Each structure stands twice: as structure tokens, then as C-alpha cells.
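Student: predicted coordinates and the sequence they were generated for:
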Amino acid sequence: MLFRRKGWLRKEFDEQLLGQLNGLKESWINQKLLVEKSFDPSAEVISHAKIAEAKYFFLFKEVKKRNISISK
């Protein structure tokens, strides 16, 4: 009974992780486009874009480490 629960919890958290990954990808792309389209981006805007990129790649590495596949 304990082993079935572990698989269920892992599946639930994997789905949450994929949801967060997709959200961070959108945020990173939006920040990147904002920096590219800005005439003179401020240091704050550039740092927000770099933070969004770092968060996205951190979760991306976690997904690879857990061997989660996106295809369903």
C-alpha cells in the first residue's frame, strides 16, 4: 500500500513540476522579448530576465534528472 502511494505522489508532483516549467518558460520568453525590444533596457529589466532564465533552466535540469517525459 505504501508503494502505490509513493508512485501516485511522484506523478502528482511531476505534473506540478511540468506546469511550473511551462509557466517559467513563458515568463522567460516574455522577459527576453521585452529586453530585445527595449531601446535602452534598465539594469533591473535585464536582471529580471536573467533571473527568469536561471529559474527556467534550474527546473529544466530537474525535469531531466527525474526522467520526466512531456509526451502523453
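Tutor: Looks like it arrived, so ask away.

Student: need the contact list for the residue nearest to L59 when sequence neighbours are not counted.
Tutor: In this structure, L59 finds its nearest non-sequential neighbour in L21, 4.7 Å apart by Cβ to Cβ, 6 or more residues apart in numbering. Glycine gets a C-beta too; all of them are placed from N, C-alpha and C. The neighbourhood of L21, defined by Cβ atoms under 8 Å, 6 or more residues apart in numbering, consists of 56, 59-60, 63.

Student: how much space separates the residue nearest the centre of the chain from P41?
Tutor: By Cα atoms, centre = their mean, the chain has its centre lying nearest to L21, at 2.7 Å. As for L21, its distance to P41 is 25 Å (criterion: Cβ to Cβ, to the nearest Å).

Student: quick one: low-confidence ranges for the protein?
Tutor: Applying pLDDT under 70 to the chain flags residues 1-6, 71-72.

Student: which residues of it fall in helices?
Tutor: 2-37, 43-66 (DSSP state H).

Student: ok, the residue nearest to R66 when sequence neighbours are not counted to G7 distance?
Tutor: In space, and not counting its chain neighbours, R66 is closest to D14: 6.6 Å by Cβ to Cβ, 6+ apart. The gap separating D14 from G7 is 10 Å, by Cβ to Cβ.

Student: compare those two (neighbour count), which wins?
Tutor: Neighbour totals were compared for D14 and G7, and D14 leads with 15 against 9 (other Cβ atoms under 10 Å).

Student: verify the stated contact: that one with K65.
Tutor: No. Counting by Cβ atoms under 8 Å, D14 stays clear of K65, with 11.7 Å between them.
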